[in-house]
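S.K.: My questions are about this predicted structure, shown below with the sequence.
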Amino acid sequence: MNKITPFLWFDGNAAEAIAFYQSVFPASKVLSTMPGPDGTIMGATFELEGQRFMALNGGPHYKFTPAISMFVNCKTQAEVDDLWGKLGDGGRKDRCGWLQDRFGLSWQIIPSVLPTLLGNADREGAERAMQAMLGMGKIDIAALERAFAGA
């Protein structure tokens, strides 16, 4: 078991959320479930892309906020586009690569080139890339690279 595992609190829809996340991330699996008193799932442990999570149907007491988000490192624009579309469906698409899925969980869909550009020694190029990113919802790699280059 991981030393630290994100624990997600749901309001009766943990099984639905887990099934949704499994449909989005192909490398996923349910490791265990805990039955509830009415035969539904009370809790579960699952993995997405090798990251372990725990889920609990804890009721309406707590809600997700953007103060905690799942950061997804994407290698290509196609991966950004795919995850942005799937995770954002039925949720809320925000700025700078952030979105909330239909369960209220926040995700950052970030291409791996973004931190490279923003941390580049060419501070003027990095600032142009930052300004371009601040104007985006879904991150556009080609637009970031053009901004960095000053084109």
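M.R.: Right, received. Where do you want to start?

S.K.: Tell me the bridge partners for the nearest residue to residue 66 once chain neighbours are set aside.
M.R.: Closest residue in space to residue 66, ignoring its immediate chain neighbours: residue 106 at 4.4 Å, by CB to CB, 6 or more residues apart in numbering. To be clear about C-beta, it is placed using only N, CA and C from the backbone, and glycine gets the same treatment. Per DSSP bridges, residues listed as beta-bridge partners of residue 106: residue 69, residue 100.

S.K.: Going forward, count from 50.
M.R.: From this message on, residue numbering opens at 50, which makes the last subject residue 155.

S.K.: Spell out the residue ranges of the helices in this structure.
M.R.: 63-73, 126-137, 162-167, 172-183, 190-198 (DSSP state H).

S.K.: got any ranges where the protein has weak pLDDT?
M.R.: 50 (pLDDT under 70).

S.K.: Who are the contact partners of the one residue sitting closest to the centre of it?
M.R.: Closest residue to the average C-alpha location of the chain: residue 156 at 2.8 Å, with CA atoms, centre = their mean. Counting by CB atoms under 8 Å, 6 or more residues apart in numbering, residue 156 touches 118, 119, 120, 121, 132, 136, 147, 148, 149, 150.

S.K.: The fifth one against residue 158, yeah?
M.R.: Yes: Residue 132 sits in contact with residue 158 when judged by CB atoms under 8 Å, with a separation of 4.9 Å.

S.K.: Of these two, which one has the most company?
M.R.: residue 158 (25 against 19; other CB atoms under 10 Å).

S.K.: Distance-wise, check that one relative to residue 89.
M.R.: 30 Å (CB to CB, to the nearest Å).

S.K.: cool, residue 67 as well?
M.R.: 12 Å.
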